[in-house]
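[1] below is the sequence, then the predicted model.
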Amino acid sequence: MNTNSSNMMALAPNTSKKRETVCIFGTGDFGRALGHKMIQCGYHVVYGSRSTQISNLIPKDAEVLSHAEAAQKAAIIIIAIQRQHYNFLTPLAEILRGKVVVDISNNLKLNQYPESNAEYLAQLLPGARVVKAFNTVSAWALQSGALDASRQVFVCGDDTEAKEMVMNIVRALGLTPLDQGSLLAAQEIENYPLQLFPMWKFPIFLSLGLTVFFFFYCLALDVIYTYIYENNNFSFFIAMTIPNRVCPVVALILLGLVYLPGVLAAIIQLYRGTKYRRFPDWLDKWMLCRKQLGLIALAFASLHAVFTLASPLRSFVKWRNAKPIISQALNNQTEPLDTTNAWLSDSYLALGIIGFFFFVLVGITSLPSVSNSVNWREFRFVQSKLGYLTLILCTAHTLVYGGKWFLSPSAYKWYLPNIYMLSLVVPCAVLVVKFVLIFPCVDKPLTRIRQGWERNPKSSE
Amino acid sequence: MNTNSSNMMALAPNTSKKRETVCIFGTGDFGRALGHKMIQCGYHVVYGSRSTQISNLIPKDAEVLSHAEAAQKAAIIIIAIQRQHYNFLTPLAEILRGKVVVDISNNLKLNQYPESNAEYLAQLLPGARVVKAFNTVSAWALQSGALDASRQVFVCGDDTEAKEMVMNIVRALGLTPLDQGSLLAAQEIENYPLQLFPMWKFPIFLSLGLTVFFFFYCLALDVIYTYIYENNNFSFFIAMTIPNRVCPVVALILLGLVYLPGVLAAIIQLYRGTKYRRFPDWLDKWMLCRKQLGLIALAFASLHAVFTLASPLRSFVKWRNAKPIISQALNNQTEPLDTTNAWLSDSYLALGIIGFFFFVLVGITSLPSVSNSVNWREFRFVQSKLGYLTLILCTAHTLVYGGKWFLSPSAYKWYLPNIYMLSLVVPCAVLVVKFVLIFPCVDKPLTRIRQGWERNPKSSE
Amino acid sequence: MNTNSSNMMALAPNTSKKRETVCIFGTGDFGRALGHKMIQCGYHVVYGSRSTQISNLIPKDAEVLSHAEAAQKAAIIIIAIQRQHYNFLTPLAEILRGKVVVDISNNLKLNQYPESNAEYLAQLLPGARVVKAFNTVSAWALQSGALDASRQVFVCGDDTEAKEMVMNIVRALGLTPLDQGSLLAAQEIENYPLQLFPMWKFPIFLSLGLTVFFFFYCLALDVIYTYIYENNNFSFFIAMTIPNRVCPVVALILLGLVYLPGVLAAIIQLYRGTKYRRFPDWLDKWMLCRKQLGLIALAFASLHAVFTLASPLRSFVKWRNAKPIISQALNNQTEPLDTTNAWLSDSYLALGIIGFFFFVLVGITSLPSVSNSVNWREFRFVQSKLGYLTLILCTAHTLVYGGKWFLSPSAYKWYLPNIYMLSLVVPCAVLVVKFVLIFPCVDKPLTRIRQGWERNPKSSE
């Protein structure tokens, strides 16, 4: 770029420098949508098609040629055709030699074929530089511009230059390319759009299992036991009372399970005297799904909060609250305020509210855009310090609420403990171990191990 | 980059390779802020100004020259001047020939001039390579670094190379360039910062219209009717009771309207036997504002939730709840628990709470950062499956709550139906049609049509 | 890129064009994690190490050589060694001449050394092109792929080309490089990961101070005064009643403080007759932490909302509500509905709910991903217009609630005003001044000043 104006004269006004030519094989939905978007962004698009009759669905600024002719016009060929028709490309192998061939296909099932579509394409076209891309983008989203779901385009391929060319197109279309490495990654990229919350599967099944177990536990103790021994029909407890007992229990157990693996990892590191040995596989997996466990715990805690706040609206609660008032009126007496009771009821409410408040705060920092705008230390502070504070407050909330039942024999229907007691096992265990771990005599060696010190070093740098 | 150290010797220590020189015409607010930021990022900035007296407001590392001199020093000239003063550039046309000229101007009104400012500039300077950029960035944000609002910079221009040079500057300043195509897009880019939630306009007006209608409907039935026929002054219903009747009704209708266009589209596709014909314009527009409709429905549902939870605090509700208790006490009797009533009240509360919970879940995945981190299948699952579940739960909530009034003649004041019944029309219609659509005999042809099959194909590939 | 296939023949199938070679000095945690990630992304990695014995912790595709040999193999050398060992690099200065040397170190304390680590490195290696990068990324996150916290990598350096090379690596690893300018920025970049919410410090201390003050104010008036003069033990007020009095007061004062600096700035600009003079430093700082003040105010308002909604569950409130009912029953009378009271109670509840609703709306637009997807005008509209609406509604909510106490002498225990009155000072002052500022005779000159007009211009362009 120099300021010598003579060589600039060549640039006649309105001569627009177009981007390069891109060829698209296939005039199906996605091929058309992609071509349309590319033309909009300044590319020259040539379609390769079996019949060169121009359908009115094809963007009007695009050329339609035979496959061979179209391929010769461009350095990049996008294959917008389903895998089962790939073998028609074999005769074109010579023309596609050295070209950048982009595989954008998806399958209908996870791991449908032994090799990924992109690797299969690379086998069919040994001279071509195959790049996998665009398979995570929806045609509808491209066309309507409503890219609500991911703007991320995963790209992989063995040829770095070819990959870079494709990534430039991705950027030009206003999307974000993410280099996933060599063509071996294609299998994973092709599986990606078929996944349905893979990281959430275990936490969701675990919480559903806990929910079902505690639901029937409560049903037995609160409805069936009452019906058999007290002849009271409290079947309507199924709608509100039991859910509002199960939700906090599951929330507290899940919250404990969020912090349990960290505590276990510390114990393992202390025992082994090194951090340079891998944790058992189950612990690694558990640690990677802590965020999901925590968010599900938050969901259950929120349900518990709303159920509780809505309880004064229940006709059962209104009836139950009216009973002592009527009996006082009938007995012509006004009971004085029971200060101990007031203290207890206010304490567990306040502990629950403040615990829930911190829980929501931790949840908000799990939002991708919030966690992206804090540094690592801040993220750790919120997720670890505030998280433990939440655990302490919620455990205290349960202890103050359920405390009075611990020693009362009426709480042990059928010799089974009340679910409040069951819910406290995991969080109390975590808190006790954590309390031991922060003692200086335990914390110091742990910190040294985490900074790389080894009790019995085997290999030196 | 080779490792031969001899040719590296030339690089004296502390010789910083600066970025290229950029020229800015105009020393107003935005010109100064932009120059300041560019100097910070390593550019050499030359201001072109009428008077070359250096004001103390101009960044101190910048040069100030006459327009002609400044333009000759750089390949990129940024025009930080208002459109009405553009004609002073005409004498400089020869100097600006071949240069990249960046138009950053904004207007005060939508479509203020027949052509965009950037196109007007391109007409004035026929030899220049005009690029539109930076108009969406605020000077205050650039200066203070508080880029809370968008970091996106829309860029358009007819010359790809010039555009790329400008996009590199945008990236260097820590902002995100978005290529919008040719200079024809300038009109839209110039209108963008003047827009005020264009996608929200129709949903907001619709919901306001519904709110006003139902407010007066309730006012007539609950306050005026009661005043005339029962001589009760319930005017204070305006503050809490009526809003808490209108909010859920509007929320449910809007939620139905979110899923209605999808159902209509399916019917149209089934009738036409093809997906390759455009939907009517109103349906296209409706489908694009479903997200907004849904979020407004969520806002109304949240208001309903808080109004309901706050109702035990109302002195009217306390008074109303006290009445039966006092009468029981006066009649010296304690009513037993009405189990049917307990079931009903608990069911609609539980349905409402769980429906609201899923509604909030769907709302959270509408946050840009969350929807960006899920794949298309996961986004569809949440927005469609969980969305329908929400609609079913909320409709059931309303049915259980309002069910008892359907057959009671007292509910038909002035022969008008209760608003609960009105609110159920749209969601029930959607659910019934959707239920028909998932029958295999209807679902199979629809799926085939959506995969590209046509009943009467007209043009082949 | 041409289609001449002869020069493409050289590209044997499966010959992957690898990215360039990168050298890493140091085989500690971060060096290994970074090397691992780079190999994954197609780089060839050479470790420089004191001992070239290959530890099984080092990624298996990497070479391990002596420092000198490793450095000669690559154009980019990443120094994954702590600052205190940097002096071993001095003998390598000649080999590192002209190379890109990347400093990734962090310190343990803010401003631990007089100069940043990167500047110290540049002094030790005068011929090297030192770039600071990667210090904000955690080794654990790199390894596990769980990049929950920031993906942003701050990059700075005096050599633009070297910086660009490092930024390309950052992009290839799927992270976002942010150019922070010259090596002078290294100090700030090294301090960044040690910061703990620096923008939040002042708002948090301010709100904690206000909370403590009002807590003891309430404790004195509501618990101690009552205990001394009325002999009532209301100590349990500490758990719920007092927090629920303090939260709304602090929320309202903080909300007022969000809008106070804007009003002050307008007065200063009007008084000075120009916008081209800097505001006092305290005002600038205050304006930059308005978002944080507002979000803390929202947190207090949310706590107030939940405390209030939970109050019907308190045994004290149940006892207090039962008293009038029992006395009515004992006196054999039913009090009619007090319509004025119903109006008042419903009004302040409705005002509070709607005010809180708008407050949450403003809070949601403060989420980075939401504010990033709106334009400047929309952001201003929500933050300013809706923010003022929130302030008006919340002030009105407090006025209606506390209004009855203004003139009642019983509200002035110990001649101290009720805290409702104290909470109204700041918001009312802001609203009154703002009301004056929107009068045309004041608004017009202010708008002109903000558009650049000066009453007494001193320097012309």
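    Now that the structure is in, tell me what you want to look at. Numbers count the residues shown, from 1 in each chain, chains lettered A, B, ... in the order given.

[2] which residues in the stretch 1-150 of chain A form helices?
    With DSSP state H, counting those that start in this stretch as the criterion, the stretch 1-150 of chain A has helices at A:29-40, A:67-73, A:93-96, A:117-124, A:139-144.

[3] so for chain B, which of the ones you listed sits nearest?
    Nearest to chain B, of all those, is helix A:29-40, at 5.5 Å by Cβ to the nearest Cβ. From N, CA and C alone the C-beta is placed, and that goes for glycine too.

[4] in the stretch 351-461 of chain A, what residue is nearest chain C?
    In the stretch 351-461 of chain A, no residue comes nearer to chain C than A:Ser369, which is 3.4 Å away by Cβ to the nearest Cβ.

[5] ok, that residue to chain B distance?
    3 Å (Cβ to the nearest Cβ, to the nearest Å).

[6] I'd say that residue and C:Ser369 touch.
    Yes. The pair A:Ser369 / C:Ser369 is scored as a contact, 3.4 Å apart, by Cβ atoms under 8 Å.

[7] identify the contacts common to the two.
    Residues touching both A:Ser369 and C:Ser369 (Cβ atoms under 8 Å, 6 or more residues apart in numbering or on different chains): B:Leu367, B:Pro368, B:Ser369.

[8] now the second one, nearest residue through space, not along the chain?
    Same thing as B:Pro368. C:Ser369 (4.1 Å; Cβ to Cβ, 6 or more residues apart in numbering or on different chains).

[9] A helix includes the one you found, no?
    Yes. C:Ser369: assigned to a helix according to DSSP: H, G, I helix; E, B strand; the rest coil.

[10] pretty sure it is touching B:Ser366, no?
    No. C:Ser369 lies out of contact with B:Ser366 (Cβ under 8 Å); the separation is 10.7 Å.

[11] how close does A:Trp319 get to C:Arg450?
    A:Trp319 sits at a distance of 63 Å from C:Arg450 (criterion: Cβ to Cβ, to the nearest Å).

[12] the more surrounded of the two?
    Per other Cβ atoms under 10 Å in any protein chain shown, whichever of A:Trp319 and C:Arg450 has more neighbours is A:Trp319, with 18 against 12.

[13] surely that one meets B:Leu337?
    Yes. Assessed by Cβ under 8 Å, A:Trp319 is found in contact with B:Leu337 at 5.2 Å.

[14] and the next helix or strand past the worst-scoring helix or strand of chain A on mean pLDDT?
    Between all helices and strands in chain A, the lowest mean by mean pLDDT, DSSP states H and E belongs to helix A:139-144, at a mean of 72. Downstream of helix A:139-144, the first helix or strand assigned by DSSP states H and E is strand A:152-157.

[15] can you tell me if that next one touches chain B.
    Yes. Strand A:152-157 lies within reach of chain B by Cβ under 8 Å from any Cβ of the partner chain, at A:Gln152.

[16] direction included, what does that strand pair up with?
    Next to strand A:152-157 in the sheet, as set by DSSP bridges, lie strand A:129-132 (antiparallel), strand A:176-179 (parallel).

[17] tell me which of those strands lies nearest to A:Val22.
    Closest to A:Val22 of these is strand A:129-132 (Cβ to Cβ; 12.6 Å).

[18] any idea of the mean pLDDT in that closest one?
    Strand A:129-132 carries an average pLDDT of 93.

[19] mind jotting down where the helices sit in the stretch 151-300 of chain A?
    Remark: helices assigned in the stretch 151-300 of chain A by DSSP H, counting those that start in this stretch are A:160-172, A:186-191, A:198-218, A:225-230, A:241-272, A:281-288, A:290-310.

[20] residue with max distance from the center of chain A?
    In chain A, A:Asn332 marks the outermost C-alpha relative to the chain mean, sitting 60.2 Å out by Cα atoms, centre = their mean.

[21] count of neighbours near the residue lying closest to it once chain neighbours are set aside?
    Of all residues not flanking A:Asn332 in the chain, C:Leu330 sits nearest, at 6.5 Å (Cβ to Cβ, 6+ apart). Applying other Cβ under 10 Å, we find 17 residues neighbouring C:Leu330.

[22] my read: C:Leu330 touches A:Gln328, true?
    No. Using Cβ under 8 Å, C:Leu330 and A:Gln328 do not qualify as a contacting pair, with a distance of 9.2 Å.

[23] where in chain A is pLDDT low?
    Applying pLDDT under 70 to chain A flags residues A:1-18, A:52-56, A:144-150, A:406-407, A:409-411, A:457-461.

[24] may I have the phi/psi pair for the residue of it found nearest chain C?
    The minimum distance from chain A to chain C, using Cβ to the nearest Cβ, falls at A:Gly98 (2.7 Å). For A:Gly98, the backbone dihedrals (degrees, to the nearest 10) come out as phi 80, psi -10.

[25] my guess is it meets A:Arg129, correct?
    Yes. A:Gly98 is within contact range of A:Arg129, at 7.0 Å (criterion: Cβ under 8 Å).

[26] so between these two, which is more surrounded?
    Legend: neighbour count by other Cβ under 10 Å for A:Gly98 and A:Arg129, higher for A:Arg129 (31 against 22).

[27] distance check, the more buried one against A:Leu34.
    Counting by Cβ to Cβ, the gap from A:Arg129 to A:Leu34 is 19 Å.

[28] burial measure for the residue in the stretch 151-300 of chain A that chain B sits nearest to, as a count.
    Ranked by Cβ to the nearest Cβ, the top residue of the stretch 151-300 of chain A for proximity to chain B is A:Ala239, at 3.6 Å. By the measure other Cβ under 10 Å, the count of residues near A:Ala239 is 21.

[29] now the closest residue to it other than its chain neighbours: which helix or strand?
    Of all residues not flanking A:Ala239 in the chain, B:Asp346 sits nearest, at 3.6 Å (Cβ to Cβ, 6+ apart). B:Asp346 belongs to helix B:339-364 when assigned by DSSP H and E.

[30] who does that helix touch, helix- and strand-wise?
    Where contact means 3 or more Cβ pairs under 8 Å, 6 or more residues apart in numbering or on different chains; DSSP states H and E, helix B:339-364 is packed against helix A:290-310, helix A:315-330, helix B:290-310, helix B:387-402.

[31] got those helices as CSV, with distance to A:Ser373 columns?
    Putting the helices and strands packed on helix B:339-364 into CSV (distance: least, Cβ to Cβ, whole Å) gives the following:
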stretch, distance to A:Ser373
helix A:290-310, 17
helix A:315-330, 43
helix B:290-310, 23
helix B:387-402, 29
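
[32] that older thread, of all the shared contacts of A:Ser369 and C:Ser369, which comes closest to C:Asn418?
    B:Leu367 (40.4 Å).

[33] could you report the neighbour count for the residue lying closest to that closest one once chain neighbours are set aside?
    The shortest distance from B:Leu367 to any non-neighbouring residue, by Cβ to Cβ, 6+ apart, is to C:Ser369 (6.0 Å). For C:Ser369, the neighbour count with other Cβ under 10 Å is 18.
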